[in-house]
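S.K.: The following block contains a protein sequence and its predicted model.
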Amino acid sequence: MIILMSTGGIIGIGVGALVLGLVLGFFISRKVFQVQLKKNPPISEKQVRAMLSATGRKPSEAQVRAVMRSMKQ
């Protein structure tokens, strides 16, 4: 059985498939990103303090805040 479609129907199906793929891709990638953030949380202030104190001196609060600010950019 042969089904003939008009050019508009073919274009409509293509555009619909593209939109559906974009929406599904967005939600799937968002979910994967959230799972990765749970497994590997971003660096915390405690970790920054430990990293800076490894240089042999106690880091000031201003230094810790500066590092945290620079990492948010």
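M.R.: Done, it's in.
S.K.: so the residue positioned nearest the centre of the chain is in which element?
M.R.: Nearest to the mean C-alpha position of the chain, counting by CA atoms, centre = their mean, stands Phe33 at 4.9 Å. Under the criterion DSSP states H and E, the helix or strand holding Phe33 is helix 7-39.
S.K.: Which secondary structure elements does the next helix or strand after that helix sit against?
M.R.: Proceeding N to C from helix 7-39, the next assigned helix or strand is helix 45-53, under DSSP H and E. With contacts defined as 3 or more CB pairs under 8 Å, 6 or more residues apart in numbering; DSSP states H and E, the packing partners of helix 45-53 are helix 61-72. Glycine gets a C-beta too; all of them are placed from N, C-alpha and C.
S.K.: Now do the helix it packs on: everything it contacts.
M.R.: The list of residues contacting helix 61-72 from outside it, by CB atoms under 8 Å, 6 or more residues apart in numbering, reads 42-43, 45, 48-49, 52.
S.K.: Just send these back as CSV, with distance to Val19 too.
M.R.: Output for the contacts of helix 61-72, formatted as CSV (distance: CB to CB, whole Å):
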residue, distance to Val19
Pro42, 33
Ile43, 38
Glu45, 43
Val48, 43
Arg49, 48
Leu52, 49
